[in-house]
Every structure is written in structure tokens, then in C-alpha cells.
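Visitor: Could you look at this predicted model? Sequence included:
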Amino acid sequence: MRPDTFEFALYLCRLHRPFRPYTVELMTGDRFVVRHPEALRFRRKFAIFVEPDGLRRFFDAESVCQVIEAEVPPQR
């Protein structure tokens, strides 16, 4: 994914109020769910994802295959 496309996708995902989790899929097939708006940071082609246990994943925008918005369950 191009860096500007990745940055724009993250921007759109952060706009949702209330925040909705989303999934990032890497070219390797690995996926992770971003459950907090500040859990993933993107700076100049480079991203950092902080797992709930504090583990950090470092990757570049070009290793991202897609960003998938989570389905929102129907409201009651």
C-alpha cells in the first residue's frame, strides 16, 4: 500500500465516533486488530502498533495489504 493511501485509511478509521476497531492485514497474511485509536501510529512510511500486552510491531506502509473496517453489530 502506498504511504499516503495507508495514512488516509488510518485517518478515516480514526474518524468514527465512537471509535470502532479495525484490522490491518500485512502482505505476509498476518493480521492484527487495532482496538484503540492510539494503538497504531504512522510516521513517514513507518508504522508502530502496540499490542494490548505492550509488545510492539514495527512495519512500513508498503508491507500493508489492506485495512479492514470492523463490522458494527446492530444497535438494539
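Guide: Great, that's in hand.
Visitor: And the pLDDT for the residue nearest the centre of the chain?
Guide: Closest to where the C-alpha atoms of the chain average out (C-alpha atoms, centre = their mean) is residue 24, at 4.7 Å. Reading off the confidence values, residue 24 has pLDDT 91.
Visitor: cool, the one 4 residues further on as well?
Guide: Residue 28 carries a pLDDT score of 94 in this model.
Visitor: Next: residue 40.
Guide: pLDDT, read off for residue 40, is 88.
Visitor: who's it bridged to?
Guide: residue 49 (DSSP bridges).
Visitor: pretty sure it is touching residue 21, no?
Guide: No. With contact defined as C-beta atoms under 8 Å, residue 40 does not reach residue 21; the gap is 10.9 Å. Every residue, glycine included, has its C-beta placed from N, CA and C.
Visitor: joint contacts of those two?
Guide: Each of residue 34 lies in contact with both residue 40 and residue 21 under the rule C-beta atoms under 8 Å, 6 or more residues apart in numbering.
Visitor: Look at those two and report which has more neighbours.
Guide: residue 40 (20 against 16; other C-beta atoms under 10 Å).
Visitor: for that one, what are its contacts?
Guide: By C-beta under 8 Å, 6+ apart, the contact set of residue 40 is 10, 24, 34, 47, 48, 49, 50.
Visitor: Kindly present those residues as TSV, with separate columns for distance to residue 67.
Guide: Below are the contacts of residue 40 laid out as TSV (distance: C-beta to C-beta, whole Å):
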residue	distance to residue 67
10	7
24	6
34	9
47	11
48	15
49	12
50	17
